[in-house]
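*Asks:* Sequence and computational prediction follow.
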Amino acid sequence: MTQIIFKLANGDIKVVQAQNGVNLMLAAVENNISGIKAICNGGCNCATCHVMIEPKFFEKLPSKSPDEQQLLAKIRTKQPTSRLACQIMVTSQMTGMKVIVK
């Protein structure tokens, strides 16, 4: 299990234990993180799992796929550290990672 820190849109912080090997979207849904709608259930089709990753961890994540880049390009609130949570697999190297949900 890996500790992930979610900062919610209302400013609340929620620390969860995420199972390694599942995507960040599923970890958020399983831990009742508000703001992660996951309408396409992780199919990289809807961008309802848009999050921002703190910069020190953002650089360590695998590159965005072309599908993820295309969806992120359509988001008005996109930031330089924006990602789709469905495209990030939880690993032990993410311990303490802060994920901002808008």
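*Replies:* All right, it came through fine. Numbers count the residues shown, from 1 in each chain.

*Asks:* so what's the nearest residue to Gly43 once chain neighbours are set aside up against?
*Replies:* Of all residues beyond its chain neighbours, the one nearest Gly43 is Cys86 (7.4 Å), with distances taken as CB to CB, 6 or more residues apart in numbering. All C-beta atoms are positioned from the backbone trio N, CA, C, and that covers glycine. If you count contacts by CB atoms under 8 Å, 6 or more residues apart in numbering, Cys86 has them with 23-26, 38, 40, 42-44, 49.

*Asks:* Try it again at 6 Å.
*Replies:* Listed by CB atoms under 6 Å, 6 or more residues apart in numbering, the contact partners of Cys86 are 23, 25, 42, 44, 49.

*Asks:* same check, this time on Ala28
*Replies:* Contacts for Ala28 (CB under 6 Å, 6+ apart) come out as 36, 85.

*Asks:* now Ile4: how far from Met52?
*Replies:* Taking CB to CB, to the nearest Å as the criterion, Ile4 is separated from Met52 by 13 Å.

*Asks:* Looking at those two, which has the bigger crowd around it?
*Replies:* Regarding Ile4 and Met52, a neighbour count based on other CB atoms under 10 Å identifies Ile4 as having more, with 23 against 19.

*Asks:* Need the residue closest to the centroid of the chain.
*Replies:* Compute the mean C-alpha point of the chain, and by CA atoms, centre = their mean the closest residue is Ala85, 3.0 Å away.

*Asks:* Was I right to think that one contacts Leu24?
*Replies:* Yes: taking CB atoms under 6 Å as the definition, Ala85 is a contact partner of Leu24 at 4.0 Å.

*Asks:* Report pLDDT for the residue nearest to Ser92 when sequence neighbours are not counted.
*Replies:* Beyond its immediate neighbours in the sequence, the residue positioned closest to Ser92 (CB to CB, 6+ apart) is Thr2, lying 5.5 Å away. On the pLDDT scale, Thr2 is placed at 97.

*Asks:* Then Cys40?
*Replies:* Note for Cys40: predicted pLDDT of 88.

*Asks:* could you pull out the helices for the protein?
*Replies:* Counting by DSSP state H, the chain has helices at residues 24-30, 55-58, 66-73.
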